[in-house]
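**Q** make a model of this:
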Amino acid sequence: QVQLQESGPGLVKPSQTLSLTCTVSGGSITTNYYYWSWIRQPPGKGLEWIGYIAYSGSTYYSPSLKSRTSISRDTSKNQFTLQLSSVTPEDTAVYYCARADENRLAMGEYDYWGQGTQVTVSS
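**A** Take a look at the predicted model:
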């Protein structure tokens with residue numbers, strides 16, 4: 001059973017960088033052919049995909065967030081990390097990490113999710 005757990009600060013000041021880590025257990029983040037995504041849900045809105053890091057280490061970001069987003073990984077810890085720079089209150093959301101295989105990624109179908117973590121951007 002694969003488990004994902006998000007961690008990081010719940011409060012970030014405007015203009016700072018939001019940094020969250022997803023720790024994966026029960027499966028390796030380097031296993032072919034899985035993609036590890038970050039997804040968020042602002043209050044009262046739908047899910048928004050942020051980006052992914054693939055089993056190979058390659059990354060791909062949402063065009064609307066690409067200029068502010070970086071996803072990296074630490075294979076020794078089986079973790080991947082989201083960094084979102086220059087945050088504003090509009091980045092306030094519940095942030096999730098999730099896994100999809102290559103057949104379901106394009107359809108936005110994820111087989112495992114973290115529980116989500118609330119991040120509030122406020123001074």
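**Q** now the helices: where do they sit in this structure?
**A** Using DSSP state H, the chain contains no helices.
**Q** quick test: name the residue nearest the centre of it.
**A** Ranked by distance to the mean C-alpha position of the chain (CA atoms, centre = their mean), the top residue is W38 at 2.1 Å.
**Q** any idea how many residues pack against Y55?
**A** Per other CB atoms under 10 Å, the neighbour tally for Y55 reads 17. Using the backbone N, CA and C atoms, a C-beta is placed for each residue, glycine as well.
**Q** how about R40?
**A** Counted with other CB under 10 Å, the neighbours of R40 add up to 23.
**Q** could you do G10 as well?
**A** G10, neighbours per other CB under 10 Å, totals 8.
**Q** return the distance of the closest residue in space to it that isn't next to it in sequence relative to N78.
**A** Leaving aside its sequence neighbours, G10 sits nearest to Q118 (CB to CB, 6 or more residues apart in numbering; 5.7 Å). When distances are taken as CB to CB, to the nearest Å, Q118 and N78 turn out to be 24 Å apart.
**Q** same check on M107?
**A** Summarising the geometry, the distance separating M107 from N78, computed by CB to CB, is 26 Å.
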